[in-house]
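Q: Give me the fold of what follows.
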Amino acid sequence: MSYELPPAPNNDKGDQRQVGLELEFAGVEIEQAAKIIQSLYHGQIEKEHRYHYEILGTKLGHFRVELDARILRKMAKQNIFGQLGIDMDEESIRKSIEDVVDKLAMAVVPLEIVMPPVPINQLHRLEELRAELQKNRAKGTHTSLVHAFGMHLNVESPSLETKTLVNYLRAFIVLYPWLLETLDIDISRRISPFVDPFPNDYAQKILPPDYNPDRDQFIRDYLESNPTRNRPVDMMPIFGMLNQELIQPAMEGEKNDPRPTFHYRLPNSRINDPEWRFEDEWNHWLPVEKLVADDEMLDKLSRLYLVRKEQTVISFRKEWASTVAIFLDLDE
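A: Okay, the predicted model is just below:
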């Protein structure tokens, strides 16, 4: 199994670009997930607390497994039971309350594995983890109406030049309707706030080919329409590298790890599907890479998108998905 390289396989330092994967799922205990990772890639398991495990020194780098719920992490770190007047010396009482919280949370809160960034030609090694989770009956997005679970790709940008970053967003916005149709995004994820689409006013601002802002103006324009991390491509990690002070007011206390990556959040977590591969989601991202590499086609589709969007209201998404599939020779 090998992952196709994009047209721009290297970063501006000449190294092969890296990709980190994040997977949300249920059905596997957190300690069990950590042990699965260790069995595949070795390393040392460190338990930060009951909802957060680190697997350090593996063959691929640093893995993290955590219950993706801030309130539970805070409960584990703080003496919340003492504050409620519960005697913390009564171990059985404390444990029973924690167990109830765990069961309630795990019904709707995903377990998340954050995988280390690896070169694209090494991504196939993470498929071993996918296979083991499937063997252990991990549950993905479609197993429950309340499982708004996702698969995230942290794709390193080939450079941090403003023109490059603008073109990636242009290409993604142009391809977004096709991706929605192709990926069959679960209704639980569409109605959740985590992958809200880029607003139309933002598309109208950046798609015209004469849009040529400097770095800080590009960030300000983005924040004006997208003062949030809840977008299918979250730009805050990159912006945090470029100008952390500028984006800080929009964070509102949210954690943001500055890194040179597009935080692509759209795909479902299909871990319960035995036919699914992590590679499938990389293959769906590749049209974005290819469109960025074709300046003429990107300009043409950007202009056409704006015209069609204005002319077509009700059926725009489906019609535009078919249009870009024809222009770019994509499977619908």
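
Q: what number of residues lie near Glu4?
A: 12 (other C-beta atoms under 10 Å). Just so you know, the C-beta spots here come from the backbone N, C-alpha and C atoms, and that holds for glycine as well.

Q: Would you check that it makes contact with Leu286?
A: Yes. Glu4 is in contact with Leu286 according to C-beta atoms under 8 Å; the separation is 6.2 Å.

Q: My guess is Gly150 contacts Tyr264. True?
A: No. Using C-beta under 8 Å, Gly150 is not in contact with Tyr264, being 9.8 Å away.

Q: which residues of the stretch 51-200 of the chain fall in helices?
A: Using DSSP state H, counting those that start in this stretch, the helices of the stretch 51-200 of the chain run over 70-77, 80-83, 91-108, 127-135, 162-183, 187-190, 200-206.

Q: Show me what the mean pLDDT comes to for the second one.
A: The one in question is helix 80-83. The pLDDT scores in helix 80-83 average 50.

Q: any idea of the pLDDT on Asp68?
A: 65.

Q: same deal with Trp285?
A: pLDDT, Trp285: 97.

Q: what are the bridge partners for Gln44, then?
A: Leu56 (DSSP bridges).

Q: Next, count neighbours for the closest residue to Asp196 other than its chain neighbours.
A: Residue nearest to Asp196 in three dimensions, not counting chain neighbours: Asn230, with 5.1 Å by C-beta to C-beta, 6 or more residues apart in numbering. For Asn230, the tally of surrounding residues (other C-beta under 10 Å) stands at 14.

Q: Next: Gln248.
A: 11.

Q: swap in the one 10 residues further on?
A: If you count neighbours by other C-beta under 10 Å, Pro258 ends up with 14.

Q: Quick check, it in contact with Gln244.
A: Yes. Using C-beta under 8 Å, Pro258 makes contact with Gln244 at a distance of 6.4 Å.

Q: mind listing what Ile219 touches?
A: Shown in contact with Ile219 (C-beta atoms under 8 Å, 6 or more residues apart in numbering): Phe239, Leu242, Asn243, Leu246, Ile247.

Q: Please indicate which of the residues you listed are buried?
A: Phe239, Leu242, Leu246, Ile247 (16 or more other C-beta atoms under 10 Å).

Q: Looking at these, which one is closest to Leu306?
A: Phe239 (24.7 Å; C-beta to C-beta).

Q: can you confirm the closest one is in a helix?
A: Yes. Assessed by DSSP: H, G, I helix; E, B strand; the rest coil, Phe239 belongs to a helix.

Q: So which residues of the stretch 201-332 of the chain form strands?
A: Remark: strands assigned in the stretch 201-332 of the chain by DSSP state E, counting those that start in this stretch are 233-234, 261-264.

Q: pull the longest strand from the protein.
A: The longest strand of the chain (DSSP state E) is strand 18-25.

Q: Run the angle between it and helix 127-135 for me.
A: Angle of strand 18-25 versus helix 127-135, following axes from the mean of the first three to the mean of the last three C-alpha atoms, to 10 degrees, is 10 degrees.

Q: for strand 18-25, the distance to its chain's centre please.
A: Offset of strand 18-25 from its chain centre (C-alpha atoms, centre = their mean, to the nearest Å): 7 Å.

Q: what does stretch 19-32 give?
A: Worked out by C-alpha atoms, centre = their mean, stretch 19-32 lies 13 Å from the chain centre.

Q: Mind exporting the C-alpha coordinates of the helix or strand following the longest strand of the chain to CSV?
A: Counting by DSSP states H and E, the next helix or strand C-terminal to strand 18-25 is helix 30-41. The C-alpha trace of helix 30-41 is given here as CSV (Å, rounded to 0.1, in the frame of the first residue of the first chain):
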residue,chain,number,x,y,z
ILE,A,30,-8.7,4.4,26.5
GLU,A,31,-6.1,2.2,28.1
GLN,A,32,-6.8,-0.6,25.6
ALA,A,33,-6.2,1.9,22.8
ALA,A,34,-2.9,3.0,24.3
LYS,A,35,-1.8,-0.6,24.5
ILE,A,36,-2.8,-1.3,20.9
ILE,A,37,-0.5,1.6,19.8
GLN,A,38,2.3,0.3,22.0
SER,A,39,2.0,-3.2,20.6
LEU,A,40,2.4,-1.9,17.0
TYR,A,41,5.0,0.9,17.4
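
Q: Buried ones in helix 30-41, by neighbour count?
A: Neighbour count says helix 30-41 has Ile30, Ala33, Ala34, Ile36, Ile37, Gln38, Leu40, Tyr41 buried, by 16+ other C-beta under 10 Å.

Q: related to what we said a few turns ago, for Glu161, which of the strands of the stretch 201-332 of the chain is the nearest?
A: strand 261-264 (14.0 Å).

Q: which helices and strands does that closest one pack with?
A: Secondary-structure packing of strand 261-264 (3 or more C-beta pairs under 8 Å, 6 or more residues apart in numbering; DSSP states H and E): strand 151-156, strand 233-234, helix 236-251.

Q: Save the ones you listed as a markdown table, and put in distance to Leu301 and mean pLDDT too.
A: Formatted as a markdown table, the helices and strands packed on strand 261-264 follow (distance: least, C-beta to C-beta, whole Å; pLDDT from 0 to 100):
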| stretch | distance to Leu301 | mean pLDDT |
| --- | --- | --- |
| strand 151-156 | 20 | 96 |
| strand 233-234 | 17 | 96 |
| helix 236-251 | 23 | 91 |
